[in-house]
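Student: below is the sequence, then the predicted model.
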Amino acid sequence: MERILRQDKIVANVFPTAIRDRLYQSQEKHQKDRRGRSTEHVDFNDGFEIPEFEGDSYISGSAPMADLFPSVTVVFADIAGFTAWSSAREPHQVFVLLETIYGAFDKIAYRHNVFKVETVGDCYVSAVGLPEPVEKHTLVACKFARECKMKMTELTRKLEVSLGPDTGELDIRTGIHSGQVTAGVLRGERSRFQLFGDTMNTAARMEQSGKPHRIHLSETSADLLKEAGLSKWITPRSSKIFVKGKGDMQTYWLQTTKARNLTGSDISTLGESGEPCEESDSTVEDSFEFDADNDQGMTKIERLVEWNVEVLSSLLQQIIASRGDVVNDIDAISSAEKSIGREGGTVLDEFIPIIPMKRFKAEDLRARRRNSSIDIGGLSVRRRPSSIDIGDEAKSQLRSYLSRIAGMYRENPFHNFQHASHVTASVKKLLTRIVKVEEGNGLAVSSEVQRVDNDANLVDLLATHGYGITTDPLTQFAVVFSAVIHDVDHPGVPNAQLVTEKTRNAEIYKKSVAEQNSVELAWDLLMSDEYSSLRACIYQTESDLRRFRQLVVNTVMATDIVDKELQALRKNRWEAAFSDASPPSAENDDDRKATIVIEHLIQASDVSHTMQHWHLYKEWNKRFFMECYGAYKAGRADSDPAASWYEGEIGFFDFYVIPLAKKLDRCGVFGVSSDEYLNYAEANRDEWVREGKALVQQYIATYKREQ
């Protein structure tokens, strides 16, 4: 019976009701003829009768189930920016987004009696007027498209809190065309109800030639709205567009953000089914108005703050779990908190070539697991770190701290809080991809670690995993924390310019000016009295405090890729750790490798836009150009960056980005991410060679226009 119900549900989801009933009747008749008796239920394991073909000739089998539907409006809705966005995400995040958005569209479609045809990649295809005719099918389709656009904006902004930067920028691009379609059940191994014909092709062209956050109508669909007395709903596109196979076409935009131009009677003519309805209490705004810019929800920065809160909270949970849920006050180390970083000298003076990592032996991990287990009905059940509560006070302090950090970022085109969040997302992704060197495959801590009690070898594997990075949650927290704060108060010009200008910070720090200033500001804020509960979650002992400080200093200093002394130090250290000519050396070899992995992780993340989808690279490259060009126009640069930007980017790829991506692979701990980053870097380099000169001219034109 369970199998039967499951089959019914699958069929109900794939086929419209009327078609489903015909399928049942057809299959029952076929089985009756074949077996000489009727059946109480259709067994789809037997499969539908598939026609047999010899050459191009139809030989036997039941006739295809297909019809011509003369009056249908087809809607293609594509997620603009999805491909670039997904290139920076984990697979499960991609499916969270698609399931959330498509699920919402399904509900809207059900409410309006719209038939969902299929989803093709990130495109949602639907139709109105079949299998049952709808008189005002174009009106219904427009209302459906408008509600989907509204819901898309609402959901992407909400999802940004959990899925991270750029999610809120995802938008929907919609195309609509009306006409006749041929539709029916295309039989085979995976039978589906599908639509064919010129109407489908034209609707797809309307979507492809449209714009994000706009609903693009063909002239045929626009004429149907005019006939319904709703000409104010549409605006002709300023010029005709060329459509493959059609030539030049006059098309229209559906108005959804200028509803004040519509009258109440215009709106009230359309009911849920597309039929005229009685006058209601609906206002213009309620019925056909949505302006994303006037959304009363959180701002972009507030959403990014919340996302960072969730990322760091989850790491704090792991830190607390590793301590056996211990979170005591830290008054005993208050003197150390006040003195650290203030012993004289600069932040750069605290930099050390090799960070001593905290090592966990196999027995430490077993003890950690025992301490994180609880007794339920006589059974020892391990608590997941995600079930640990860091406390309302600590969570509130974390939110307050990150909000103030966000406010300390300047409104630069590139070095801003949005970029810091983008870097944080890449750091988080790379940390989750760190793998066992000898095994060469991913270690899914959330699943495999739970088998430690049954597999003693896994405990030993964890004890040496990733040079100790992934077994120490404090190290992970420090690296992610560093990504969030690494550009605090960045002035929008290079360190060399600050030294030339003899700014106050340049006089203090001499080199790595912006990086040292960021550490000082973020650290001083964290050490203030109002964040004591937050600090107690991060560390409980003076040794952990000092280790946290060291990790932050080294990680942020690694983002200064211009300083020649630091460059030489990193090169020599790399040769000692990963060169084929250098065998494993002293007992601190793993510490050296861990330090290098952390530095390369933050460096790759700091320029991760160069190793992601072309559209992401173009966007962030444009922002960086705007920042540099703006500094030049303000008299804070000696030479015009536009003159060398094209060649400079090629050199940056050849001598920094691509070698860095190759080093990620040589580190041997990042799994498929190292291949992914290298492939994108090489592809972006090739695309820049082809398109870069034209893009630089576009950047200049954009700057002048914005000024």
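Tutor: Received the coordinates, thanks.

Student: count the neighbours of E507 for me.
Tutor: Under the neighbour criterion other Cβ atoms under 10 Å, E507 is assigned a count of 11. Where you see a C-beta, it was placed from the backbone N, CA and C, and this is true even at glycine.

Student: can you check the one 10 residues further on too?
Tutor: Counted by other Cβ under 10 Å, the residues lying close to N517 total 23.

Student: one more: the one 4 residues further on?
Tutor: Here the number of neighbours of L521 (other Cβ under 10 Å) works out to 15.

Student: before we move on, what about G81?
Tutor: If you count neighbours by other Cβ under 10 Å, G81 ends up with 22.

Student: pretty sure it sits against R173.
Tutor: No. In terms of Cβ atoms under 8 Å, G81 does not count as a neighbour of R173; the distance is 9.3 Å.

Student: which residue ranges of the stretch 351-500 of the chain form helices?
Tutor: For the stretch 351-500 of the chain, applying DSSP state H, counting those that start in this stretch gives helices covering 362-371, 392-408, 417-433, 445-448, 456-463, 473-485, 495-501.

Student: as JSON lines, those helices with distance to V114 would be great.
Tutor: As requested, the helices of the stretch 351-500 of the chain are arranged in JSON lines below (distance: least, Cβ to Cβ, whole Å):
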{"stretch": "helix 362-371", "distance to V114": "51"}
{"stretch": "helix 392-408", "distance to V114": "40"}
{"stretch": "helix 417-433", "distance to V114": "35"}
{"stretch": "helix 445-448", "distance to V114": "39"}
{"stretch": "helix 456-463", "distance to V114": "50"}
{"stretch": "helix 473-485", "distance to V114": "43"}
{"stretch": "helix 495-501", "distance to V114": "57"}
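
Student: ranking those by mean pLDDT, which is last?
Tutor: Ranked by mean pLDDT, the helices of the stretch 351-500 of the chain bottom out at helix 445-448, with a mean of 39.

Student: of the helices of the stretch 351-500 of the chain, which approaches N679 most closely?
Tutor: Across the helices of the stretch 351-500 of the chain, the minimum distance to N679, taken as Cβ to Cβ, is reached by helix 417-433, at 14.7 Å.

Student: how about that closest one: buried residues?
Tutor: Applying a neighbour-count criterion of 16 or more other Cβ atoms under 10 Å, one finds 417-433 buried in helix 417-433.

Student: so where is the stretch 601-707 of the chain shaky, pLDDT-wise?
Tutor: Low-confidence segments of the stretch 601-707 of the chain, defined by pLDDT under 70: none present.

Student: of the helices of the stretch 351-500 of the chain, which approaches A183 most closely?
Tutor: Ranking those by proximity to A183 (Cβ to Cβ) places helix 417-433 first, at 42.4 Å.

Student: in stretch 158-166, what counts as buried?
Tutor: So, applying 16+ other Cβ under 10 Å, buried residues of stretch 158-166: 158-161, 163-166.

Student: so which of these are in helices?
Tutor: The helices in this structure, assigned by DSSP state H, contain 158-161, 163 from the buried residues of stretch 158-166.

Student: of those residues, just say which sits nearest to T541.
Tutor: Taking these together and measuring to T541 by Cβ to Cβ, the closest member is V161, at 32.9 Å.

Student: chain neighbours aside, what residue packs nearest to that closest one?
Tutor: Leaving aside its sequence neighbours, V161 sits nearest to E306 (Cβ to Cβ, 6 or more residues apart in numbering; 4.4 Å).

Student: okay but the one you found is in contact with M298, surely?
Tutor: Yes. Using Cβ under 8 Å, E306 is in contact with M298, at 7.2 Å.

Student: which neighbours do G81 and R173 share?
Tutor: When contacts are counted by Cβ atoms under 8 Å, 6 or more residues apart in numbering, G81 and R173 have P212 as shared neighbours.

Student: look at A63 and say how many residues are nearby.
Tutor: Counted with other Cβ under 10 Å, the burial measure for A63 works out to 8 neighbours.

Student: quick check, pLDDT for it.
Tutor: For A63, the pLDDT comes out at 72.

Student: name the SS class of it, please.
Tutor: Of the three states, A63 takes coil under DSSP: H, G, I helix; E, B strand; the rest coil.

Student: state the distance from it to V185.
Tutor: For A63, the distance to V185 (Cβ to Cβ, to the nearest Å) stands at 11 Å.

Student: please identify which of the helices of the stretch 351-500 of the chain is closest to G344.
Tutor: G344 sits nearest to helix 495-501 of all these, at 21.8 Å, using Cβ to Cβ.

Student: quick one, phi psi at G247?
Tutor: The phi and psi torsions at G247 (degrees, to the nearest 10) take the values phi 90, psi -160.

Student: that one bridge partners, please.
Tutor: V243 (DSSP bridges).

Student: quick check: closest non-adjacent residue to R666.
Tutor: Counting by Cβ to Cβ, 6+ apart, F578 is the residue found nearest to R666 once chain neighbours are left out, at 5.4 Å.

Student: tell me if I'm right that M357 and D590 touch.
Tutor: Yes. Because the distance of 7.1 Å satisfies Cβ under 8 Å, M357 is recorded as touching D590.

Student: what is in contact with these two at once?
Tutor: The contact sets of M357 and D590 overlap at 467-468 (Cβ under 8 Å, 6+ apart).

Student: between these two, which is the more surrounded one?
Tutor: In this comparison of M357 against D590, neighbours counted by other Cβ under 10 Å, the higher total goes to M357 at 22 against 19.

Student: got the contact list for the more buried one?
Tutor: 467-469, 472, 475, 590-591, 594.

Student: so which of those are in strands?
Tutor: Taking DSSP state E as the definition of strands, the contacts of M357 contribute nothing to them.

Student: and which of those residues is nearest to A204?
Tutor: Within the set of the contacts of M357, I469 lies nearest A204; the separation is 47.2 Å, counting by Cβ to Cβ.

Student: quick one, the helix ranked longest in the chain and helix 417-433 angle?
Tutor: Of all the segments assigned as helix in the chain under DSSP H, the longest by residue count is helix 672-706. What separates the directions of helix 672-706 and helix 417-433 is an angle of 170 degrees, with axes from the mean of the first three to the mean of the last three Cα atoms, to 10 degrees.

Student: buried residues in helix 672-706?
Tutor: 673-674, 676-678, 680-681, 684-685, 688, 692, 695-696, 699-700, 703.

Student: and for stretch 232-245?
Tutor: 232-234, 237, 241, 243.

Student: then stretch 555-567?
Tutor: With burial defined by 16+ other Cβ under 10 Å, the residues of stretch 555-567 counted as buried are 555-560, 563, 566.

Student: so which of those residues sit within strands?
Tutor: Among the buried residues of stretch 555-567, no member lies in strands (by DSSP E).

Student: so L230 sits against K136, correct?
Tutor: No. Taking Cβ under 8 Å as the contact criterion, L230 and K136 are not neighbours in contact, 9.9 Å apart.

Student: from the buried residues of helix 672-706, pick the one nearest W645.
Tutor: Of those, the one sitting nearest to W645 (Cβ to Cβ) turns out to be V696, at 5.1 Å.

Student: ok, now which ones touch that closest one?
Tutor: 625, 642, 645-646.

Student: which one of those has the most neighbours?
Tutor: Neighbour max across these (other Cβ under 10 Å) = F625, 23 neighbours.
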